[in-house]
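**Q** Below are the sequence and a predicted model for it; my questions follow.
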There are 4 protein chains.
Amino acid sequence: MGGPMALNLLKSDHKVVAYDVMDAATKAIADAGAEIASTPSAVAQKASQIITMLPNSSHVEEVYMGKNGILESVQDGSILIDSSTIHPASSKKVAEAAAAKSAFYMDAPVSGGVGAAKAATLTFMVGGEKEPFEKAEKLLAHVGKNVVHCGAVGNGQAAKICNNMLLAISMIGVSEAMNLGMRLGLDSKVLAGIVNTSSGRCWSSDTYNPVPGVLEGVPSSNNYQGGFGTALMYKDLGLAQLAASDMNAQTPLGASAHQIYRMLCEKGYGSKDFSAIYKYLSESE
Amino acid sequence: MGGPMALNLLKSDHKVVAYDVMDAATKAIADAGAEIASTPSAVAQKASQIITMLPNSSHVEEVYMGKNGILESVQDGSILIDSSTIHPASSKKVAEAAAAKSAFYMDAPVSGGVGAAKAATLTFMVGGEKEPFEKAEKLLAHVGKNVVHCGAVGNGQAAKICNNMLLAISMIGVSEAMNLGMRLGLDSKVLAGIVNTSSGRCWSSDTYNPVPGVLEGVPSSNNYQGGFGTALMYKDLGLAQLAASDMNAQTPLGASAHQIYRMLCEKGYGSKDFSAIYKYLSESE
Amino acid sequence: MGGPMALNLLKSDHKVVAYDVMDAATKAIADAGAEIASTPSAVAQKASQIITMLPNSSHVEEVYMGKNGILESVQDGSILIDSSTIHPASSKKVAEAAAAKSAFYMDAPVSGGVGAAKAATLTFMVGGEKEPFEKAEKLLAHVGKNVVHCGAVGNGQAAKICNNMLLAISMIGVSEAMNLGMRLGLDSKVLAGIVNTSSGRCWSSDTYNPVPGVLEGVPSSNNYQGGFGTALMYKDLGLAQLAASDMNAQTPLGASAHQIYRMLCEKGYGSKDFSAIYKYLSESE
Amino acid sequence: MGGPMALNLLKSDHKVVAYDVMDAATKAIADAGAEIASTPSAVAQKASQIITMLPNSSHVEEVYMGKNGILESVQDGSILIDSSTIHPASSKKVAEAAAAKSAFYMDAPVSGGVGAAKAATLTFMVGGEKEPFEKAEKLLAHVGKNVVHCGAVGNGQAAKICNNMLLAISMIGVSEAMNLGMRLGLDSKVLAGIVNTSSGRCWSSDTYNPVPGVLEGVPSSNNYQGGFGTALMYKDLGLAQLAASDMNAQTPLGASAHQIYRMLCEKGYGSKDFSAIYKYLSESE
């Protein structure tokens, strides 16, 4: 994700200093003109607008607050845009540490996947104060299409995990309804057409239908390759459950969706698009 | 439902002969010019295009195939449009009996509720042969806005129960996501706005949001009055589960939705709009 | 099931007249001295104590109330012991028809499987009036070990499906707890030992543990062969759901268990012992 | 819990030095002869066998590893018995810190509640090395009846949360089965009797039945007062879900049980015995 985003910044005439634990990951952007730094701290010395994209809370805390981390050298007034999808409580912790160093941390997780990263059409859900948000908005306009201010720090993560929990529930629901309808004798395109013009209408049905042959250009019509991986959806569903437990918020279907995506990972579907739940649900042996 | 439909037929210059077990139900349409018959059989003697709207499979089987039922006197070539929401297997049984009497039975369950019945904007999901469908389509154009041919007899029921199972899953999912997001600090309108322009987009969020204050003119902003009752959604979810069992179709979230709506009925929500699941899920005592 | 039961009746000096749709099924008992009749009605002419064992409600209704069925020729005062596992409402229907012919029908579904049928150690859960029950009790003592009067007709089915719904929930629960504990580092025998002397104690753990190697002589230690098949448990769970829907009884875990056993059938586990849910839950690919 | 345990140690002639954040909590044992220390560290200076009982991981980490904590002054070779129910990973962390100070930490969560604490009949599920376990076993014999070595540090927590997850699933299952059976017409004692001598047999049915009137001396026959509170079961179910997520262990019913107990807490049942799920499931409004 970070690579395509850096490339889009270079293309829009920004000077880019980059760091990644994996040298291979930085090669492509080095070739395109980025300067490669040796640590996150070294990046912070040279850049006052920083975007991070990391897998987990522990990585984020390490890269910002650990040895040779961003906050060791961060310049006053820097805006720190963290596009990782992590626990909202983690974002708040890093934001506090950044504020103590006169820097402005914002959680800005994305939606859209690698395709949207390349095409600069990502959606960013941002949590942070007004002024830093406005600066971030300007910068992110070069790597995304939609930059939404969701409220205080942590609210970007909250918006993303709530949307993705609903998305998973929706995708499983469409898979169940399509499979049932088809077993009852309905043609898949006829049923999708009815749902899409009725109260069952949703993105999972009208834009990303999981049944092969209903829509072109979506993973279900390409053997579930590409898209948004099952393992990534499983990660997001886990973050939603942690947040729900913190808040004692009832999530009966969200908890079931989390279990279902865990099962898909355990049964070898981890690298397939998350719409492969349809394949799993509909196949009989 | 039948009353408003009959009134719309009278308004569009059709001659109407009607029957209902409850005299009170026929009074309004008698006043508007309909002739009242004493049995379903008497209706069949006078009308060769018949619309039925009944609560359950057993009522449908009684009214068509029972003593003094429609099929006792049905005229050859009659089209029989059954807008009840019942088990697909039941519709097929009545269709067979009708065919034996040279009449054409179609299942044509509706979507839209009492409001759409009055406004003649109902959606009909029809199962039956091509020619009878075309005749039904002409007639139903006066009581509805959308008349969809779903395939053979039984496919109308199938389409409806699949859509409504997905709708229930969707509504519960939106309720869970909104409640979680709001407890995490997100403003309800901001979150709904994000979902509605993201992959979580669905009718339950953008057209019928269950959170009070997000949309005007929907039951959630009117104390969950009116709309599509919880008890009716519970009925449809039960039909979906019966069909899924017949087909051994996996419906983990559909089965949970069925249990959730049963609980709502048991806890006194039966007459509230089905979006009241949000109220139930979000309230703490 | 019927075969071993008939053999045990012959062994205990009863005269047996038998009928089965499949000739092959009656060969073994014919060799052992039973008379083979050509229809259920023919059996009823010769026997005033009849035991039936059939797969579904429709079979039971056909065999008792259909053409050449038992009730066509049943002798006054006959006791009719139906050991099929079917919908309680179905049993009540047949009981009514039998009463109209002065015969006494009882539902008497069994527990124990083929092994207990051979060893004459079956448990019968009987619904019916006191006197017929007492006669049935005498007869069934030759084919079973436990004959319990559960109340009126239908209560035998009710007891069985309630016990089996709880059994399925229990077996899935033990599988989840054992898998989790073992992944956390607990030895399977140590964990089973703790559970069996704590509040988690249950038959599924102390008598039929689903983890290979914990107990000898149970299907889990024999590649899940034999025992009580997944497809049969799935059938019983479906009957429990139908009954729960009739009564609007909340069964969140029972409904999930039904979906889980449906999935096992769809994924090829139908002929394995129902404890194979452990294998399914614990395996990663 | 700690109070009754300390009293039993005093009764069995042990010298007791105690600390609690709440002075009121230590008054009763001070009156019975215990010496009250001012910090956990002060306790560690005087005692080389320490038992801790705290609500959460954060409390445990603070009391052992925080300022004025046990490890600040712990004597070489001390055995540290932590009877808190916390995340297994937390126990391992504290054990490591204790080992660095030549002390032996064991997780030893209990089963049995306040009643068993008073009667010295608690069950301890212990994780730790062999020699420290043998010393702990001797000491705990004065406050409990069952001291089980579950394996390495963390295994005590693992055993407890696995047992309690199974217990919750079991209790919900019994509640569903009893409610369904009673609605179908079965007498509650008759049904419990059948289950208890069949494959549905479990502690939740034969020792702690949730249906009022089936057993005497259990919370269901005392308006669900006393016993093991719903809020405490909810806590344990949350720990089970965290552990399952760490291990990617599939727990479909465990996750549902967690949601159900969350709902009970949200609906005001937190202080009632956990068997009150029967009351919730069976009541219609």
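**A** Here it is on my side, so go on. Bear in mind that the values here come from a model prediction, so they are computed numbers and not experimental data. Numbers count the residues shown, from 1 in each chain, chains lettered A, B, ... in the order given.

**Q** hey, let's count contacts and neighbours off CA atoms from now on
**A** Will do.

**Q** domain parsing for chain A?
**A** Per the record, chain A has its domains at A:2-152, A:159-283, by automatic domain parsing.

**Q** Of all those domains, which one is nearest B:Gly33?
**A** Comparison of the domains of chain A against B:Gly33 by C-alpha to C-alpha identifies domain A:159-283 as nearest, at 33.4 Å.

**Q** so of the domains of chain A, which one's packed in deepest?
**A** Of all those, domain A:159-283 carries the top mean neighbour count, a mean of 23, counting by mean count of other C-alpha atoms under 10 Å in any protein chain shown.

**Q** check whether that domain contacts chain D.
**A** Yes - contact of domain A:159-283 with chain D (C-alpha under 8 Å from any C-alpha of the partner chain) involves A:238, A:245, A:248, A:250-252, A:255-256, A:259, A:262-263, A:266.

**Q** Could you tell me the end-to-end distance of that domain?
**A** For domain A:159-283, the first and last residues are 34 Å from each other (C-alpha to C-alpha, to the nearest Å).

**Q** Excluding residues flanking it in the chain, which one is nearest A:His142?
**A** A:Leu9 (6.3 Å; C-alpha to C-alpha, 6 or more residues apart in numbering or on different chains).

**Q** doesn't A:Val143 make contact with the one you found?
**A** Yes - in this structure, A:Leu9 is within contact of A:Val143 by C-alpha atoms under 8 Å, at 6.7 Å.

**Q** What helix or strand is the residue lying closest to A:Leu140 once chain neighbours are set aside located in?
**A** The shortest distance from A:Leu140 to any non-neighbouring residue, by C-alpha to C-alpha, 6+ apart, is to A:Val147 (7.2 Å). According to DSSP states H and E, A:Val147 maps onto strand A:144-151.

**Q** Neighbouring strands - and their directions - for that strand?
**A** strand A:122-127 (parallel) (DSSP bridges).

**Q** which other residues reach the strand it pairs with?
**A** Identification of contacts with strand A:122-127 by C-alpha atoms under 8 Å, 6 or more residues apart in numbering or on different chains yields A:83, A:106-113, A:116, A:133, A:143-157, A:159-160.

**Q** ok so, going back, distance from the following helix or strand past the strand holding A:Val147 to the middle of the chain?
**A** Per DSSP H and E, the first helix or strand lying C-terminal to strand A:144-151 is helix A:155-183. Averaging C-alpha positions (C-alpha atoms, centre = their mean, to the nearest Å) puts helix A:155-183 15 Å from its chain's average.

**Q** Please see if helix A:155-183 touches chain B.
**A** Yes - applying C-alpha under 8 Å from any C-alpha, one finds helix A:155-183 touching chain B at A:155, A:158-159, A:162-167, A:169-170, A:172-174, A:176-181, A:183.

**Q** what angle do that helix and helix B:155-183 make?
**A** 170 degrees (axes from the mean of the first three to the mean of the last three C-alpha atoms, to 10 degrees).

**Q** Could you list every helix and strand that the helix or strand just after helix A:155-183 packs against?
**A** As assigned by DSSP H and E, the chain's next helix or strand after helix A:155-183 is helix A:188-196. Identification of packing neighbours for helix A:188-196 by 3 or more C-alpha pairs under 8 Å, 6 or more residues apart in numbering or on different chains; DSSP states H and E yields helix A:155-183, helix A:203-206, strand B:144-151, helix B:155-183.

**Q** what's the helix or strand hosting A:Tyr261 in contact with?
**A** Element membership for A:Tyr261, per DSSP H and E: helix A:252-266. The contact list for helix A:252-266 (C-alpha under 8 Å, 6+ apart) reads A:165-166, A:168-169, A:172, A:230-231, A:233-234, A:237-238, A:240-241, A:270, A:277, A:280, B:169, B:172-173, B:176, B:253, B:256, C:283-285, D:248, D:250-252, D:255-256, D:259.

**Q** what does stretch A:75-90 give?
**A** A:44-45, A:48-57, A:60-61, A:101-110, A:124, A:132, A:135-136, A:153-155, A:157-158, A:160, A:236, A:239, A:242-243.

**Q** Run through the residues that contact the residue in the stretch 101-250 of chain A that chain B sits nearest to.
**A** Among the residues of the stretch 101-250 of chain A, A:Cys202 lies closest to chain B, at 4.0 Å counting by C-alpha to the nearest C-alpha. Taking C-alpha under 8 Å, 6+ apart, we find A:Cys202 in contact with A:170, A:196, B:200-203.

**Q** Could I get the pLDDT score of it?
**A** For A:Cys202, the model assigns a pLDDT of 97.

**Q** Which of the helices and strands packed on helix A:188-196 has the lowest mean pLDDT?
**A** strand B:144-151 (a mean of 93).

**Q** looking at the domains of chain A, which is closest to D:Glu72?
**A** Per C-alpha to C-alpha, nearest to D:Glu72 of the domains of chain A: domain A:2-152, 25.8 Å.

**Q** From one end of the closest one to the other, what's the distance?
**A** End-to-end distance for domain A:2-152, by C-alpha to C-alpha: 24 Å.

**Q** Ok, stretch A:107-121 next?
**A** End-to-end distance for stretch A:107-121, by C-alpha to C-alpha: 18 Å.

**Q** quick one: which of the contacts of stretch A:75-90 sit in helices?
**A** When the contacts of stretch A:75-90 are checked against helices (DSSP state H), the matches are A:44-45, A:57, A:60-61, A:132, A:135-136, A:155, A:157-158, A:160, A:236, A:239, A:242-243.

**Q** distance of A:Leu180 from A:Leu191?
**A** According to C-alpha to C-alpha, A:Leu180 and A:Leu191 sit 10 Å apart.

**Q** how close does the closest residue to A:Glu129 other than its chain neighbours sit to A:Val60?
**A** Spatial nearest neighbour of A:Glu129, chain neighbours left out: A:Ala152 (6.2 Å); criterion: C-alpha to C-alpha, 6+ apart. Relative to A:Val60, A:Ala152 is positioned 18 Å away (C-alpha to C-alpha).

**Q** Same question for A:Ser205.
**A** Per C-alpha to C-alpha, A:Ser205 is found 35 Å from A:Val60.

**Q** repeat for A:Asn223
**A** From A:Asn223 to A:Val60 the distance is 34 Å (C-alpha to C-alpha).

**Q** go on, A:Ile50?
**A** 13 Å.

**Q** just A:Leu191 next, same as before
**A** Applying C-alpha to C-alpha, the value for A:Leu191 to A:Val60 is 44 Å.

**Q** what about the stretch 51-200 of chain A, any weak spots by pLDDT?
**A** Along the stretch 51-200 of chain A, no part satisfies pLDDT under 70.

**Q** Can you name the residue of it nearest chain D?
**A** Residue of the stretch 51-200 of chain A nearest chain D, by C-alpha to the nearest C-alpha: A:Asn56 (13.6 Å).

**Q** For chain A, list the residues in contact with chain C, please.
**A** Counting by C-alpha under 8 Å from any C-alpha, chain A sits next to chain C at A:266-268, A:283-285.

**Q** what do you get if the cut-off is 6 Å, keeping everything else the same?
**A** Contact residues, chain A versus chain C (C-alpha under 6 Å from any C-alpha of the partner chain): A:266-268, A:284-285.

**Q** closest to chain B among those residues?
**A** The closest of the residues of chain A next to chain C, once distances to chain B are taken by C-alpha to the nearest C-alpha, is A:Ser284, at 9.5 Å.

**Q** For that closest one, give me its contacts.
**A** Neighbouring residues of A:Ser284 by C-alpha atoms under 6 Å, 6 or more residues apart in numbering or on different chains: C:266-267.

**Q** How is it classified with respect to secondary structure?
**A** Of the three states, A:Ser284 takes coil according to DSSP: H, G, I helix; E, B strand; the rest coil.
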